Each structure stands twice: as structure tokens, then as C-alpha cells.
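J.: Just need the structure, nothing else, for what follows:
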Amino acid sequence: MHKCVEQLGCSGGNIIPYSRDKELGFDLCNDCGIIWRSIDSIHISKIYEQVYFDSKKYNNKRKHKVKKSGWMIDQARIHNSGISDILEVGCSLGYTLEAAKNRRINHLGIDISDYAIDFCNDIGLNAKKYSFDELKQTRQKYDLIFMQHVLEHFEDPFLVLKDCFDLLQEKGIVLILVPNTKYKRAVKLNAKHRFYSLKGVGAEHYSYFNYENLRLVLQASGFEVIQENYPIFTKDFHSIEFFANRLFRRLLSVFNYDQEILIIARKIQY
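T.: Next comes the predicted model:
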């Protein structure tokens, strides 16, 4: 049973096959619109070690990736100027951690990959192979939890977000970037697009979202959404380059040509 049935109250009877690339399949819940990995292909997975990162050329254009992560941190600081501790879930090769370090923000990255953790530590970044349970045992709380193309890698995004809720300070925020199910090219190509294919990233991902249903997932997990997409104007000036980037991304989203969505949400106090 897909997680939206138990967490969002979807009927379960309105789920249909969405794509199929050999043994890899995805299902669409017509109630909430989330696209889930099919139950019969849930066993397909990736190993995230050096060969994976090398094949993706992850460390190419590092300067640009660190700059983008810095922009995202700056977006979060618009909502909480006092961010002093950042946790990145799925830190990969440390682009966000480096951006946080450049801003003199305390940082910790976690990842399931020994290679990624060692890479980050070797260049002076703080990263550990911690589970959420191990993180909770430290009793450390964070002002910002950063997840850049990570949430879709978990079988249960609701559980991940509830763990994030527990790890955040009062009124802490979470920043999430995930692939966009409304991306026009992916909709058109379906199983031939890299989102859903074995040769692409389909074997790595378990769920796909759009703005509407990711908002519902966050609300069900104890968060209120405070920003969707990139704002064109902000109260603080950052740079002409960042302004041009935000404007470009907003224009892409108008025509469903943006491959990813950005959401920032705040922990609700009960």
C-alpha cells in the first residue's frame, strides 16, 4: 500500500500504473497526484559509492553547485536570519556544507555513502554516517534542515519529514528541492524520461511530487509551507546573478519547464 493512503487519506482504489521500464514501474495516485514506485519494483536500488559519484560527475562544476547551495541558504535566511546550525540530509560531496562553512554557519551533513562522508571530511567539512535515530540521540537541534534532491530517495517521505520535525528547533525550517512531476518533458516521455527509466534516475527514486501534493505531505508531517518556488524580489539584495536566476526559474515554472520544485516550510508548534 502506498503511503498516501494511510497518511493523506487517499482511497487506495484510485491508483493506476503510470510508467514501466522493464522491471521498474511507477504508479500514480489520482487522489493526491503523487507518483510512487510500484510495489513489485520496490526492491530495485542503487549503491551510492565512488563509482556512482564518478558516473554522475558529481564533482564537476563544484564552484557553481556550491554557489547554488549558498543561494538556497540565503533563501532560508530570509525567513530566519538567525540560522546558526544547519543539518543537510544526503550531503553528497558537500556543496551545501561548503556554502554553510563559507557563511560561518555550523554544519553537519549525513549520508549513507562512506565515500561521500570521507570526501567531505577530507576537505574539512563536518559529515557523519548517522541515521535519524543516531542523530536524535545526540539531542542536537537545528535551525535549518536542507534536503536537495534527497526526499525522493526514501521509501517513506512522511517518516523522514517527521524525523526532521523532531530534529528542528522551535520554529525551525526545512528547505526541500525535488523533481517536478509536472515537468513537461517528463510527462511527455513518461518511461523514456530519466525520471522513470532504469538508465536514468528511476532506480534511485521512490516518489515524485508537485507543489500541490508536497504541500499536503508537509502539512501531514507537522509543517506549514512559507515559500513555494523562487521569489523574484526579496527584501535583501544578494546579487544581479541571483536575481536573474530566480527570474529565469519562475519563467520556466509558468510553462512547466522547470525540472525541480523548491519549498520552504516551518515547523508548527503544538
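J.: rest of the way, CA atoms for contacts and neighbours
T.: Will do.
J.: which stretches of the stretch 101-250 of the chain form strands?
T.: For the stretch 101-250 of the chain, the strands defined by DSSP state E, counting those that start in this stretch cover 106-110, 127-128, 142-148, 168-179, 207-208, 223-228.
J.: ok, which stretches of the stretch 151-270 of the chain are helices?
T.: Remark: helices assigned in the stretch 151-270 of the chain by DSSP state H, counting those that start in this stretch are 157-167, 184-189, 211-220, 240-254.
J.: Pick out the shakiest of those, pLDDT-wise.
T.: Note on the helices of the stretch 151-270 of the chain: lowest mean pLDDT is at helix 240-254, with a mean of 89.
J.: Extract the CA atoms of it and return them as PDB.
T.: Extracted in PDB, the C-alpha atoms of helix 240-254 (Å, rounded to 0.1, in the frame of the first residue of the first chain):
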ATOM      1  CA  ILE A 240      22.200  40.500 -10.000                       C
ATOM      2  CA  GLU A 241      23.200  36.900 -10.900                       C
ATOM      3  CA  PHE A 242      20.900  35.500  -8.200                       C
ATOM      4  CA  PHE A 243      18.000  37.800  -9.300                       C
ATOM      5  CA  ALA A 244      18.400  36.700 -12.900                       C
ATOM      6  CA  ASN A 245      18.500  33.000 -11.800                       C
ATOM      7  CA  ARG A 246      15.300  33.500  -9.800                       C
ATOM      8  CA  LEU A 247      13.500  35.300 -12.600                       C
ATOM      9  CA  PHE A 248      14.600  32.500 -15.100                       C
ATOM     10  CA  ARG A 249      13.300  29.800 -12.800                       C
ATOM     11  CA  ARG A 250      10.000  31.400 -12.300                       C
ATOM     12  CA  LEU A 251       9.500  31.800 -16.000                       C
ATOM     13  CA  LEU A 252      10.300  28.100 -16.500                       C
ATOM     14  CA  SER A 253       7.700  27.100 -14.000                       C
ATOM     15  CA  VAL A 254       5.000  29.100 -15.700                       C
END
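J.: Just send the helices of the stretch 151-270 of the chain back as JSON lines, with distance to residue 30 and mean neighbour count too.
T.: Below are the helices of the stretch 151-270 of the chain laid out as JSON lines (distance: least, C-alpha to C-alpha, whole Å; neighbours: other C-alpha atoms under 10 Å):
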{"stretch": "helix 157-167", "distance to residue 30": "18", "mean neighbour count": "19"}
{"stretch": "helix 184-189", "distance to residue 30": "15", "mean neighbour count": "15"}
{"stretch": "helix 211-220", "distance to residue 30": "11", "mean neighbour count": "18"}
{"stretch": "helix 240-254", "distance to residue 30": "22", "mean neighbour count": "15"}
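J.: Of all those helices, which one comes closest to residue 74?
T.: Residue 74 lies closest to helix 240-254 among the helices of the stretch 151-270 of the chain, at 10.2 Å (C-alpha to C-alpha).
J.: which one of the strands of the stretch 101-250 of the chain lies closest to residue 11?
T.: Residue 11 lies closest to strand 207-208 among the strands of the stretch 101-250 of the chain, at 17.8 Å (C-alpha to C-alpha).
J.: Compare the helices of the stretch 151-270 of the chain and give me the one nearest residue 234.
T.: Between residue 234 and the helices of the stretch 151-270 of the chain, the shortest gap by C-alpha to C-alpha is with helix 240-254, which sits at 8.9 Å.
J.: For residue 37, see how far away the closest residue to residue 62 other than its chain neighbours is.
T.: Nearest residue to residue 62, sequence neighbours excluded (C-alpha to C-alpha, 6 or more residues apart in numbering): residue 95, at 7.1 Å. Separation of residue 95 from residue 37 (C-alpha to C-alpha, to the nearest Å): 28 Å.
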